[in-house]
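> Generate coordinates for the sequence data below:
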Amino acid sequence: MKTRITELLGIRYPVLSPGMTYVSNADLVAAVSNAGGLGILAVGHLTADETRAEIRRTRTLTEKPFGVGVALIMPGAARNAEIAIEEKVAVLNFSLGKGDWICERVHAYGGKVLATVVNEKHAQAAERSGVDGLIVTGHEAAAHGGDVTSLVLIPAIRRISGLPIIATGGFGTGGGLVAALALGADAIAMGTRFATATESPVHANTKKMVTEKSVSETLYSPNFDGMPCRVMKTPSAIKATAKPLSLPRAAFKALQAANELGRPLLSIVRDVLKQGLMQTLQLAYFGAATLQLRRAILDGDHEKGVQLIGQVQGLVRDVVPVDVIMQRIMQEADQALADVSAHFSPASSRTIPEVEHGNA
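Just a heads-up that it's a prediction; the model follows:
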């Protein structure tokens, strides 16, 4: 299947695995790229040295293109982006910040830049910065999806942008891929589906829970980490999203998490001083959520942990290798195309109704 994204990124299939904190490590990223898609490393939780090591480890596992994702609002993100640029990664994906300088430097060595956006305003800003493509994140997505569902958001951004679009949020099947292409996208990104793959570092307990949950068993609330965020519905998640964190409590929990993770207080203060007031407040909320994420993702602890998850969890029913997922997606896409075609008679026998200009 050829699309503008497969041509742009040099991949076989229009399917990506987004950068998921604690999930998108070298093993998962390489598996997705080897299977014909594009894996994107998550490095927001890594130091600069760890980021470089993970990029180099990924290169030992695949000769195919892969990407690195950075959320520019986070402390250390700019330095991690610098490391990715020094390592000349094929694709750099940024979000939550201005990426003009990233585009300039990545393009200098022939790499590509993708921006993650959740609305039209962000898409236009990203296009002005010089990105090569957009990862458009709908309301159904895990973590920080937008306010608008993919069904509406993708065509809305297609209407205002000529850039290649990767649709994410609600995609985990071949039928979803065909639907995304029909809406104007050029590829899909599947976080929840790849997070449950055999190669994913997500704990077995958590993967099992995903396969047992329905599409309606998620929560979407700003109370978990300070931004509207989608998580798996569990007793611990209900408690974590019941009411907003106060700033003092968020700051205390963030420092507690940093101490438990072995991050020096001085480095945190130095990073925070580089941020503005609003970003500093947001970072406190992010930090407060860190330990709960790790407990669910890596330890399988859902009494204290909270799992980021998309609504598409209800369509995931098994834990299988990435290559099996990829081949299944493409087979389902073929079947979906055949099913859609069966509903249409030859074009010569159809009458197209006249529509007044300006009306849909």
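> only C-alpha atoms for contact and neighbour calcs from this point on.
Noted.
> Determine the set of other helices and strands touching the helix or strand hosting Glu54.
In this assignment (DSSP states H and E), Glu54 forms part of helix 48-61. Counting contacts by 3 or more CA pairs under 8 Å, 6 or more residues apart in numbering; DSSP states H and E, helix 48-61 is packed against helix 26-34, helix 77-86.
> ok and the very next helix or strand once past the longest one relative to helix 77-86, angle-wise?
Heading C-terminal from helix 77-86, the first helix or strand you meet, by DSSP H and E, is strand 91-95. If you take axes from the mean of the first three to the mean of the last three CA atoms, to 10 degrees, strand 91-95 sits at 170 degrees to helix 77-86.
> For strand 91-95, give me every contacting residue.
9, 40, 65-72, 81, 84, 106, 111-117 (CA atoms under 8 Å, 6 or more residues apart in numbering).
> Would you show me how to pick out the buried ones of the residues you listed in ChimeraX?
Applying 16 or more other CA atoms under 10 Å to the contacts of strand 91-95, the buried members can be selected in ChimeraX as follows:
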select :9,40,65,66,67,68,69,70,71,72,81,84,106,111,112,113,114,115,116,117
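> Restricted to strands, list the contacts of strand 91-95.
Ile40, Gly67, Val68, Gly69, Val70, Ala71, Lys112, Val113, Leu114, Ala115, Thr116, Val117 (DSSP state E).
> and this protein, what are its domains?
According to automatic domain parsing, the chain comprises the domains 4-202+318-337, 214-308.
> Distance to His343 and mean pLDDT added to these, as TSV?
Listed next are those as TSV, based on distance: least, CA to CA, whole Å; pLDDT from 0 to 100:
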stretch	distance to His343	mean pLDDT
domain 4-202+318-337	10	97
domain 214-308	27	76
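> and the ones you listed, which is most packed in?
domain 4-202+318-337 (a mean of 21; mean count of other CA atoms under 10 Å).
> and the end-to-end length of it?
19 Å (CA to CA, to the nearest Å).
> And the helices in the stretch 151-300 of the chain, which stretches?
Along the stretch 151-300 of the chain, counting by DSSP state H, counting those that start in this stretch, helices occupy 174-183, 191-195, 204-212, 235-240, 247-260, 265-273, 277-297.
> same for the first one, what does it pack against?
To tie it back to what came earlier, the one meant is helix 174-183. Taking 3+ CA pairs under 8 Å, 6+ apart as contact, the helices and strands that helix 174-183 lies on are helix 150-160, strand 187-189, helix 322-342.
> Reformat these as a markdown table; add distance to Thr211.
Listed next are the helices and strands packed on helix 174-183 as a markdown table, based on distance: least, CA to CA, whole Å:
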| stretch | distance to Thr211 |
| --- | --- |
| helix 150-160 | 22 |
| strand 187-189 | 19 |
| helix 322-342 | 14 |
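> still on that earlier bit, so which of the helices and strands packed on helix 48-61 comes closest to Gly176?
helix 26-34 (18.0 Å; CA to CA).
> can you give me the angle the closest one makes with strand 67-71?
Using the same axes, to 10 degrees: helix 26-34 against strand 67-71 is 130 degrees.
> Any chance you could list what contacts helix 26-34?
The contact list for helix 26-34, computed with CA under 8 Å, 6+ apart, reads 11, 16-17, 38-41, 54-55, 57-59, 61-66, 194, 199-201, 322-323.
> hmm, 7 Å instead?
Contact partners of helix 26-34, identified using CA atoms under 7 Å, 6 or more residues apart in numbering, comprise 17, 38-41, 54, 57-58, 61-62, 64-66, 199-200, 322.
> again, but for stretch 291-309
Outside stretch 291-309, the residues that reach it (CA under 7 Å, 6+ apart) are 142-143, 192, 201-206, 230-232, 236-237, 257.
> ok, 6 Å please
With contacts defined as CA atoms under 6 Å, 6 or more residues apart in numbering, stretch 291-309 is touched by Ala142, Ala143, Val202, His203, Asn205, Thr206, Val231, Met232, Ser236, Ala237, Ala257.
> quick one: which of those is nearest to Leu96?
Ala143 (13.4 Å).
> show me what contacts the closest one?
Taking CA under 6 Å, 6+ apart as the definition, contacts of Ala143 comprise Cys229, Arg230, Leu308.
> Okay, the second one and Ile135: tell me how far apart.
Plainly put, Arg230 is 18 Å away from Ile135 if you go by CA to CA.
> ditto for the first one
As for Cys229, its distance to Ile135 is 17 Å (criterion: CA to CA).
> re the thing from before, take the ones in strands among the contacts of strand 91-95 and lay them out in a markdown table including distance to Ala125.
Below are these laid out as a markdown table (distance: CA to CA, whole Å):
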| residue | distance to Ala125 |
| --- | --- |
| Ile40 | 22 |
| Gly67 | 21 |
| Val68 | 21 |
| Gly69 | 18 |
| Val70 | 17 |
| Ala71 | 16 |
| Lys112 | 17 |
| Val113 | 14 |
| Leu114 | 13 |
| Ala115 | 10 |
| Thr116 | 11 |
| Val117 | 9 |
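> tell me the contacts of Ala185?
Contacts of Ala185 by CA under 6 Å, 6+ apart are Ile165, Ile166.
> measure it to Glu54 for me?
Counting by CA to CA, the gap from Ala185 to Glu54 is 30 Å.
> Equivalent analysis for His302, please.
Distance from His302 to Glu54, by CA to CA: 28 Å.
> And for Ala187?
Ala187 is 26 Å from Glu54, by CA to CA.
> and Thr211, how many residues sit next to it?
Thr211: 17 surrounding residues under other CA atoms under 10 Å.
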